[in-house]
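Trainee: quick one, fold the following:
(3 chains)
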Amino acid sequence: MPESANPGHSGEGETRRDFLFLAAGAMGVVGTAVAVWPLIDSMNPAADVRALSATEVDLDPVEVGQRITITWRGKPIYIDHRPQKEIDAARNVNLDELRDPQADADRVQKPEWLIVIGICTHLGCLPKGQKVGDPRGEWGGWFCPCHGSHYDTSGRIRKGPAPRNLDVPPYEYLDETRVRIG
Amino acid sequence: MSEFKSNNAVIKWIEYRMPIFSFLDHAIGRGYPTPRNLNYWWNFGSLAGVALVIMIATGIVLAMQYTAHVDLAFDSVERIMRDVNYGWLLRYIHTNGGSFFFIVVYVHIFRGLYYGSYKEPRELLWILGVAILLLMMATAFMGYVLPWGQMSFWAATVITNLFSAVPVFGNEIVTWLWGGFSVDNPTLNRFFALHYLLPFIIVGVVVLHIWALHRFGSNNPVGIDAKGPQDKIPFHPYYTIKDAFGFGVFFVAFAAVVFYAPNMFGEPDNYIPADRLSTPAHIVPEWYFLPYYAILRAVPDKLLGVIAMFGSVCVLFVLPWIDRSPVRSARFRPIYKQFFWIFLADCIVLGYIGANPPEGMFLIVGRIATAYYFLHFVIMFFLSYVERPRPLPSSISEPVLKGGGATAGAAAKPMEKA
Amino acid sequence: MKRLLTAAVAVLALGSGTAEAAEGAALPDHSWSFEGIFGTFERHEVQRGFQVYREVCSACHGLRLVAFRDLEALGYDEDALKALAAEYTFRDGPDDQGEMYERPGTPADYFPSPFPNAKAAAASNNGAAPPDLSLIAKARKGGPSYVRALLTGYEDPPADVKLPEGASYNRYFPGHQIAMPPPLSADAVDYADGTPATVEQMATDVAAFLMWTAEPNLEERKAMGIKVLIFLLVFTGVLYAAKRKIWADLH
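Mentor: Okay, the predicted model is just below:
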C-alpha cells in the first residue's frame, strides 16, 4: 500500500487511519453477527409451538390405582394415581441396588401421583403397564417389550438394558386437582 | 501485479495443496489490477452479488417454515409473519430484497448500455448477464406465486395462459406447465421446487459471468483499454473499500424500506387468499415486470404480444452486433447519449403504462412506447455507421493528469478503437 | 446524473400506482398512533376496538389468524386470556372411542369463524361472504384509514342511483354498492372505559384493532428499524471515511 505523502505526520496519521479501519472492521463484525442472528433464531420453536409447550391436566377423574396417558410436546406422559401399596414399594428400596439411584421422594411432588415420560431410556419404545391387563414387569411398574427393561413403581430402572430411570418432566400443581406439565 | 505471499504456516499448507488464497488474491485482492477511474456506477455489480446472497440466505430459512400446498401456503406465510421468531423480518427482507435485486440489476444493465460494456471483447460477459436477468425473472415470477394470494394465483394464471399462443402445441404446453387443467396444487408445488433450484443456477451463471469479466477486466467510464500499469490500481484495498461503502448505502436504503415501508412495492390484493372464482379488478405484476407487461398488452395479437414481450429482453442478447460503433463510452458519443436517455425514459413510460389498464390514452401511449423500444435498436444499428464521436483521450490516466475533459486528447487519433 | 435520479425516483413511485375505474371517494385524513418512524399502538384504543369486534363484527366476520394468546400483547393477562378462550367451544378428537367431542377453548386456539365454510357464509349474507378480518387492514388500498372511512361512509344514495335488493350505498366502497348493511350505530357498544361510543369512535377503534391483527409485530419492526438505521448510517459514514483515507494518495 502506498505510503502517506507526509512522513512527518505518518505516526499520528497512521494511528488515526488504523483506528478508522479498526472501527470499520469491528462494526462490520458486530453488524454481521446481529444480521445473522435472526436467521438462526428463526429455526428455534415458534410462538405457536411454544404455546403448546405446556399441557394442563385435570387429575380429578383419575381413580386411585388408575393410570392415564396424555401427550405433552408430542411425547406420552404416564400419570399413575398410586395406591398406598405402590408408594410403599417405591420407598422401601436400598438406593445402592439401583442402577440410577434416586429416592422416590425426589421423583414426585405428591406421593400419590407419579408423573413420568413414557419413553424407555434404552432406545425409545413405549413401556407397557398403562392399560389394564398390560404386563408390569417384576417390580409392578412398567415393562418395556422391546428389549426387556423393568421399571418399578417409581419408574426407576431395575432390570434390563435401559441406563436411566424414566424421565420426570417439569410440572407444577395449579391446585389440588390440576397439574401443568411443561 | 503482486504475487501472493504468506508467512502463516496454516495458509501455506492449504495453499500448496489447493491454491485458493492466490486464487482469491488474483480475483478480488491485491493481485487483481482494475482501472483506476471507475465511478460509483461500477458498484452495482457487487451490489447485485450482495442481493443474491441475501435472497438465498433468507429464502432457505423461509423454506424451512413454508408449506407448498394450496390449502396451507397462505396460512404458512402468515404463520411466518406472526409466530416464527423474526419471521416477519425475514419475510419482508425476502420480498423487498427481490425488488432491490431488480433495482440494482437494472442500474447495472443501464450502466453497461451507457458505457458500452457489452462491446468487444465483453460480448459473452454481456450475454451471460442477460441470461442471469432471464433466470431472475423466472425465479421472481415463481416466487410471487408461492404465498398463494389473489395476485399470486391470477398472475400465474395470466402468464401461464400466454403459452397457449404457441402454435400447434400451445394448449398441451400449458397443460404440461400446470400439471392439470388450471393453476392448482401441482403448479404450486413445482413452482416451489423450481424457485428453490433456480437461484443456485443463477449462482453458477454468476460464476461464469465473473470468470468472463476477469478475462479482460472491467470496462471503465472512458471506455479505453488500459495502456499499462499506470492506468490500474489493485482491487484491494481500493475497490474493496469502495464496494463496502456502496454496501452501506444500499443497506441504509434497504433498511428504510424493510422497516418503514415494507409493503410499498406490493399489492394489497395479495393479502387476500387466492379465490379462483373471483378475479381482481386489476391484475398487476410486480413493478419490475411492468414494462414487459405493457409491451405484451400493447400488441393486439396474442402470439405476437408474447413474442414482443420475450423479444424485448432477448434483443439484448444480440446488442453487441446491433451497436457496432467502435467507441464504447457514451461520453464520447454525443448522439448516442441522447438516445440513451430517451430509451431510459421510454422504459419508465412503459413501466407506468404497465401499471394501468390497457385502454384509452394508456393503450395509445403504450403502443408508441413499445414501437419506440424496438426502434431504439434499429437506430443503434444505423447510428454506429453515421455518428461522429468526440475525440478520445489517449489513455485512462490522461484525462485525470490533464485536468479532465475529452478534448485534451485532440492530439490522439480520433475514433480510436479502444 | 440528476435525470437518472429523477428517473429512478419515478420508477420507485410507480410501485403501487394503479388507476381505479370505479374508485370510492378520497379517504378522509386521520393520523394514527402507529404511523411514522416511532409509531406504536395505543393500547386502550385497540382494546376498545377488540370490544367492537367481539360485540358487533364477530357475528359475521372471522378472525382466524389471531390466536387468543396473541391478545397478551394488548395487555390481557394469562387468566383473562384463559377465561376469554373458554367462552368459545371447539370441536376436537377423535377420542379413544373414535368420537369427535366439544371442548372449551384454550389460549393456543384461534378465533373461530362464525360460518363453517365460505359457501355457508355467502348463503347467509345475500350471496356475498363476509371476509375474514385478520388481514383486512393490509388487504385494502388505504389500509386502516379505508376501514375507518368505510364504516362511517354509509349514506343515502344519490337520486340517479338505484340500489339492488339488499345493497347499501357507501361513499368509500369502490363502486359504491356494498352488500354489508351499516354495522355500527351510536352506542352499539358500551365501552368498558366509559368512552362515548359514537359511530366515528367505534370505527376508529376497530380500525386500529384490525391494524393490530394485520400487523401484530408493527411496534417491534419500527423499534428495530430505528436502531438498525442509526447503526447503518454511522457504519456507512465510517466506511466512507475509510474509503477517502485509502484513496487519498491516488488523487
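Trainee: so what does the most centrally placed residue in chain A have for phi and psi?
Mentor: Nearest to the mean C-alpha position of chain A, by Cα atoms, centre = their mean, lies residue A:169 at 6.1 Å. Backbone torsions for residue A:169, taken as degrees, to the nearest 10, come to phi -80, psi 160.
Trainee: name the element the residue in chain A that chain B sits nearest to belongs to?
Mentor: Closest approach of chain A to chain B (Cβ to the nearest Cβ) occurs at residue A:38, with a separation of 3.6 Å. The C-beta positions use only the backbone N, C-alpha and C, and glycine is treated the same way. Here residue A:38, judged by DSSP states H and E, is contained in helix A:10-41.
Trainee: the helix or strand following that helix and chain C in contact?
Mentor: Proceeding N to C from helix A:10-41, the next assigned helix or strand is helix A:47-51, under DSSP H and E. Yes: counting by Cβ under 8 Å from any Cβ of the partner chain, chain C has neighbours in helix A:47-51: A:47-48, A:51.
Trainee: for the closest residue in space to residue B:135 that isn't next to it in sequence, grab the count of nearby residues.
Mentor: Closest residue to residue B:135 apart from its sequence neighbours, by Cβ to Cβ, 6 or more residues apart in numbering or on different chains: residue B:202 at 4.9 Å. Using other Cβ atoms under 10 Å in any protein chain shown, residue B:202 has 22 neighbouring residues.
Trainee: list the contacts for the residue of chain A closest to chain B?
Mentor: B:85-86, B:89-90 (Cβ atoms under 8 Å, 6 or more residues apart in numbering or on different chains).
Trainee: filter the residues you listed down to the ones in helices?
Mentor: Using DSSP state H, the subset of the contacts of residue A:38 located in helices is B:89-90.
Trainee: tell me where chain B has strands.
Mentor: Listed in chain order, the strands of chain B (DSSP state E) span residues B:33-35, B:232-234.
Trainee: got it, and chain C?
Mentor: Using DSSP E, the strands assigned to chain C run over residues C:89-92, C:101-104, C:168-169, C:177-178.
Trainee: show me the contact partners of the second one.
Mentor: To tie it back to what came earlier, the one meant is strand C:101-104. Strand C:101-104 has contacts (Cβ under 8 Å, 6+ apart) with C:85-93, C:95.
Trainee: at 6 Å what do you get?
Mentor: If you take Cβ atoms under 6 Å, 6 or more residues apart in numbering or on different chains as the criterion, strand C:101-104 is touched by C:86, C:89-90, C:92-93, C:95.
Trainee: what residues does chain B have near chain A?
Mentor: By Cβ under 6 Å from any Cβ of the partner chain, the part of chain B that sits against chain A consists of B:61, B:83-86, B:89-90.
Trainee: weed out the non-buried ones from those.
Mentor: For these, a burial check counting by 16 or more other Cβ atoms under 10 Å in any protein chain shown picks out B:61, B:83-86, B:89-90.
Trainee: and those, which two are furthest apart?
Mentor: Spanning the widest gap among these are B:61 and B:83, at 14.2 Å by Cβ to Cβ.
Trainee: run a quick neighbour tally on residue C:106.
Mentor: Residue C:106 is flanked by 19 other residues according to other Cβ under 10 Å.
Trainee: give me the pLDDT value at residue C:52.
Mentor: For residue C:52, the model assigns a pLDDT of 97.
Trainee: show me what contacts the residue lying closest to it once chain neighbours are set aside?
Mentor: Among residues not flanking residue C:52 along the chain, residue C:206 sits closest, at 4.2 Å (Cβ to Cβ, 6+ apart). By Cβ under 6 Å, 6+ apart, the contact list for residue C:206 reads C:49, C:52-53.
Trainee: which of the residues you listed fall in helices?
Mentor: Applying DSSP H to the contacts of residue C:206, the entries found in helices are C:49, C:52-53.
Trainee: so what does the longest helix along chain C touch, helix or strand wise?
Mentor: Taking DSSP H as the criterion, chain C has its longest helix at helix C:218-247. Helices and strands touching helix C:218-247, by 3 or more Cβ pairs under 6 Å, 6 or more residues apart in numbering or on different chains; DSSP states H and E, are helix A:10-41, helix B:235-260.
Trainee: may I see the buried residues of the first one?
Mentor: In other words, helix A:10-41. Buried residues in helix A:10-41 (16+ other Cβ under 10 Å): A:13, A:17, A:20-21, A:23-24, A:27-28, A:31, A:38-39.
Trainee: go on, the shortest one?
Mentor: Within helix B:235-260, the residues that qualify as buried by neighbour count (16+ other Cβ under 10 Å) are B:235-252, B:254-255, B:257-260.
Trainee: now do it against helix A:10-41, angle only.
Mentor: 50 degrees (axes from the mean of the first three to the mean of the last three Cα atoms, to 10 degrees).
Trainee: most proximal residue of the stretch 51-200 of chain C with respect to chain B?
Mentor: Nearest to chain B in the stretch 51-200 of chain C, going by Cβ to the nearest Cβ, is residue C:139, at a distance of 3.8 Å.
Trainee: pretty sure that residue sits against residue B:269.
Mentor: No: counting by Cβ atoms under 6 Å, residue B:269 is not a contact partner of residue C:139; they are 7.1 Å apart.
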